[in-house]
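Participant: 3D model of this:
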Amino acid sequence: MPTLSRSGAAAAALLAAGCLPSTWVARRAPPPAEVAREAARAPSPPPAEAVPAAPGAAQAPAAPPRSLADLVDLALSRDPATRAAWHDARAAAANAGAQRTLYLPSLDASATASRARPAANQGRPPGTLFTTATLTPSATLTWLLLDLGARGALVDEADRLLVAARLGEHAAVADLVLRVQQTYFGFLAARALVDAEGAAVRQAQASLEAAEGRQRAGLATIADVLQARTALSQTRLALQQAEGQALTLRGALATLAGLPPTAELDVGTLPARVDAAAAQPAIDALLAQAQARNPDVGRAQALAQAADARARAASRAWAPTLSLQGNATRSELLDTTDPAAPTGWGSTGWSFGLALRIPTLEGLGLRSAFDLVSARASAQAARARADATAQQVALDVWTSYQGLATAGRRVGTTQDLVASARASADVAQGRYKEGVGSIVDRLNAQAALELALAEDVRARTDFLVALAQLARASGRLDVPERPTLPPTAAPEGAPHP
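Facilitator: Below is the predicted model of the structure:
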C-alpha cells in the first residue's frame, strides 16, 4: 500500500521560494562591512559588448597595502576564522527563527492509494472475487494555543544564543584586529632594528678602518685592529639576525592579510616619537567601558541568560497544554471489478476540537525532575562563567593599562638614553681620532649606542602594542556595537515578531 506524505504544505511553499527565512536571517546576522568593502574592491564586470580577454592573459594586480588600515581591511575580508564566526551567527539567527515557528500551526497532508481484493466472498456467489482501487487524501491541523510559557522560554533562549553568536563574531573581529596590530608593530620594530644594526655595522667598519690606519701610522697595535674586527663581526651577526626576524614577521603579517608570505610590504615605518602622555586614559573609565563594550563580557552574559531561559523552559515541562486539532478525510473510489458496486462513490469526514494535554509521570516523574536540576545547574555554571569572564576582562584592562604606563615611561627614558649614548660615542670617536682615547673606549661607546637604539625601538613598540591591547580589553576597537538584548519573554499566546 504506497503512501505519500507532506508536512506543512503552506510553510514548505515559502521555504521553497527561499525568500522569507533568508531575509529574516539576513536582518539579524547581516554580513560584516568588510565583505562590502571587498566587493567594492573587486573589478566590475565588463559590458556586454566588451571583447573578452584572451585565455591566459594577465590581470591587473590588486593594489598592495600601504598602511595598517589597509592590512586590517584585507585581514577582515579574507580571514577564515571571522568568516566562520559570521556563519555561526547566521546559523543562530536561523535557529531563532525556527523557534518562533512554535507559535504557528502545523499542517500535515497525506494521500493513500490502495488496491484490495477481499479474502472472502462477503455474501457474493462462490468463485466471484473482485478488486477495488481507492484514493484517500487527508489533512491534519494542529495549533498549540496555550503552554504556560514553555515556547516563550525557548524563543528567549534562541534570541540570547543569537546575541552570543553575534558577540562571538565581534570578538573574533577584535582578536584579528589585535593580531594584525601586534604583528604590524613587530614588523616595523624589526625593520627599525635592521636600520639600527646597519648603522652599527657602518660605525664598526669605520672603527676598523681607523684602527688599521693608526696601525699603519705606528700609533696602534694589532690588538686594536683585532678588537675592531671582532666588533664588526658581532654587529654583522646582529644585523643578520634582525634581517631574518624582519622577514619572518613580514611573512606572518602578509599571511594575516590573506597575501602570500613572500609578498613585499611597504607599510610605513615605526614612529620616531610617540605621545605617551596623551594616551593615558583614566583607569576607572576604562574598567566601566570594558564591562559595557567588551564582546567577551557580553557574550558570557548572553550565554548565561540563554541558560536561564533553558531552565525556565524545563520548569514548564509539567504544565498542561491546550491545542486546536482538526482533521479532514476524503475517500474516492477509483476502480472496481464488482458490477454491483456503486459508481462515483466517495465519502468525506472531518473533525475539529480542543485537546487538553496534562503531562503524566513520565519515568515516575524522575525524568522531568532530573532535566530541571540539570538545567538549573547549567544556568548557575553559566552565570559563574560570566562573572569569571568579567573579572578576567577587568584584569586584562588593568594589566594592559599598567603595561601602557610602564612603556610610556620607558619611551622617555630610552630617548634620554639614546641621546647620552650618541653623545658618548661621538666623544669617544673624537678622542680616538685625536690619539688620546683607546679603541676599547670607542668600541664600548658604539656598543652602548647600539643597545640604546635597540631599547628605544623596543620601548616604542611595546607602547604601541600595549595601547592596542588596552583598546581590545576595554572594547574600544572599531568594531560594531554590542547587539541589544531582546525582551525577556513575550505574552503567552502572542506570536513573536
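Participant: neighbours of A384, how many?
Facilitator: 12 (other CB atoms under 10 Å). Where C-beta positions appear, they are placed from N, C-alpha and C, glycine not excepted.
Participant: roughly how far apart are it and R214?
Facilitator: A384 sits 74 Å away from R214, taking CB to CB, to the nearest Å as the criterion.
Participant: got the buried residues for stretch 379-388?
Facilitator: Going by neighbour count (16 or more other CB atoms under 10 Å), the buried part of stretch 379-388 is 379, 382-383, 386.
Participant: typo on my end, stretch 207-227
Facilitator: 207-208, 210-212, 214-215, 220, 224-225, 227.
Participant: equivalent analysis for stretch 400-417, please.
Facilitator: Buried residues in stretch 400-417 (16+ other CB under 10 Å): 400-401, 403-405, 407-408, 410-411, 414-415, 417.
Participant: and for stretch 419-431?
Facilitator: So, applying 16+ other CB under 10 Å, buried residues of stretch 419-431: 421, 424-425, 428-429.
Participant: now that stretch: average pLDDT?
Facilitator: If you average the pLDDT over stretch 419-431, you get 84.
Participant: centre of the chain versus it, how much separation?
Facilitator: Distance of stretch 419-431 from the chain centroid (CA atoms, centre = their mean, to the nearest Å) equals 52 Å.
Participant: any residues touching it, and which ones?
Facilitator: For stretch 419-431, the surrounding residues in contact (CB atoms under 8 Å, 6 or more residues apart in numbering) are 203, 207, 437, 441-442, 444-446, 448-449, 451-453.
Participant: for S207, which non-adjacent residue is spatially closest?
Facilitator: Nearest non-adjacent residue to S207, counting by CB to CB, 6 or more residues apart in numbering: A228, 4.9 Å away.
Participant: wait, isn't the one you found in contact with L208?
Facilitator: Yes. Look at A228 against L208 with CB atoms under 8 Å: they come within range, at 4.0 Å.
Participant: now do the helices in the protein.
Facilitator: For the chain, applying DSSP state H gives helices covering 9-17, 20-28, 33-41, 68-78, 80-100, 150-216, 222-256, 283-293, 295-315, 366-434, 439-473.
Participant: go through the fourth one and flag the buried ones.
Facilitator: By neighbour count with 16+ other CB under 10 Å, helix 68-78 contains the buried residues 68, 71-77.
Participant: what is the most widely separated pair among the contacts of stretch 419-431?
Facilitator: G437 and L453 (21.6 Å; CB to CB).
Participant: the more surrounded of those two?
Facilitator: The neighbour count for G437 versus L453, taken as other CB under 10 Å, is higher for L453 (22 against 16).
Participant: okay, now the spatially closest residue to that one that is not a sequence neighbour: neighbour count?
Facilitator: Excluding the flanking residues, the one nearest L453 by CB to CB, 6+ apart is A196, at 4.2 Å. Counted with other CB under 10 Å, the neighbours of A196 add up to 22.
Participant: ok, back up a step: in TSV, list the helices of the chain along with distance to A111.
Facilitator: Compiled in TSV, these are given as follows (distance: least, CB to CB, whole Å):
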stretch	distance to A111
helix 9-17	12
helix 20-28	26
helix 33-41	45
helix 68-78	51
helix 80-100	27
helix 150-216	31
helix 222-256	58
helix 283-293	57
helix 295-315	36
helix 366-434	37
helix 439-473	60
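Participant: need the winner for burial among these.
Facilitator: helix 295-315 (a mean of 23; mean count of other CB atoms under 10 Å).
Participant: quick check: angle from that one to helix 150-216?
Facilitator: On the basis of axes from the mean of the first three to the mean of the last three CA atoms, to 10 degrees, helix 295-315 is oriented at 160 degrees to helix 150-216.
Participant: quick one: distance of helix 295-315 to the chain centre.
Facilitator: The answer for helix 295-315 is 20 Å, by CA atoms, centre = their mean.
Participant: got the CA positions of it in CSV?
Facilitator: Coordinates of the C-alpha atoms in helix 295-315 are reproduced here as CSV (Å, rounded to 0.1, in the frame of the first residue of the first chain):
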residue,chain,number,x,y,z
PRO,A,295,32.3,41.5,23.4
ASP,A,296,33.7,38.7,25.7
VAL,A,297,31.7,40.0,28.6
GLY,A,298,28.6,40.5,26.6
ARG,A,299,28.8,37.0,25.1
ALA,A,300,29.2,35.4,28.5
GLN,A,301,26.2,37.3,29.8
ALA,A,302,24.1,36.3,26.8
LEU,A,303,25.1,32.6,27.3
ALA,A,304,24.1,32.9,31.0
GLN,A,305,20.7,34.4,30.0
ALA,A,306,20.2,31.6,27.5
ALA,A,307,20.9,29.0,30.2
ASP,A,308,18.4,30.8,32.4
ALA,A,309,15.8,30.6,29.6
ARG,A,310,16.5,26.9,29.1
ALA,A,311,16.0,26.3,32.9
ARG,A,312,12.7,28.2,32.7
ALA,A,313,11.6,26.0,29.8
ALA,A,314,12.5,22.9,31.8
SER,A,315,10.4,24.1,34.7
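Participant: what about that helix, average pLDDT?
Facilitator: 89.
Participant: can you show me the CA trace of stretch 165-182 as CSV?
Facilitator: Coordinates of each C-alpha in stretch 165-182 appear next as CSV, following Å, rounded to 0.1, in the frame of the first residue of the first chain:
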residue,chain,number,x,y,z
ALA,A,165,26.9,34.4,18.4
ARG,A,166,26.9,37.9,17.2
LEU,A,167,29.2,39.0,20.0
GLY,A,168,31.4,36.0,19.2
GLU,A,169,31.7,37.4,15.7
HIS,A,170,32.6,40.8,17.2
ALA,A,171,35.2,39.1,19.5
ALA,A,172,36.7,37.3,16.5
VAL,A,173,37.0,40.6,14.6
ALA,A,174,38.6,42.3,17.6
ASP,A,175,41.0,39.5,18.1
LEU,A,176,42.0,39.6,14.5
VAL,A,177,42.5,43.3,14.5
LEU,A,178,44.7,43.0,17.6
ARG,A,179,46.8,40.2,16.0
VAL,A,180,47.3,42.4,12.9
GLN,A,181,48.3,45.3,15.0
GLN,A,182,50.7,43.3,17.1
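Participant: can you tell me what sits against it?
Facilitator: 29, 32, 68, 71-72, 75-76, 79, 81-82, 85-86, 88-89, 91-93, 253, 256-257, 295-296, 298-299, 302, 464-465, 468-469, 471-472, 475, 477-480, 482-483.
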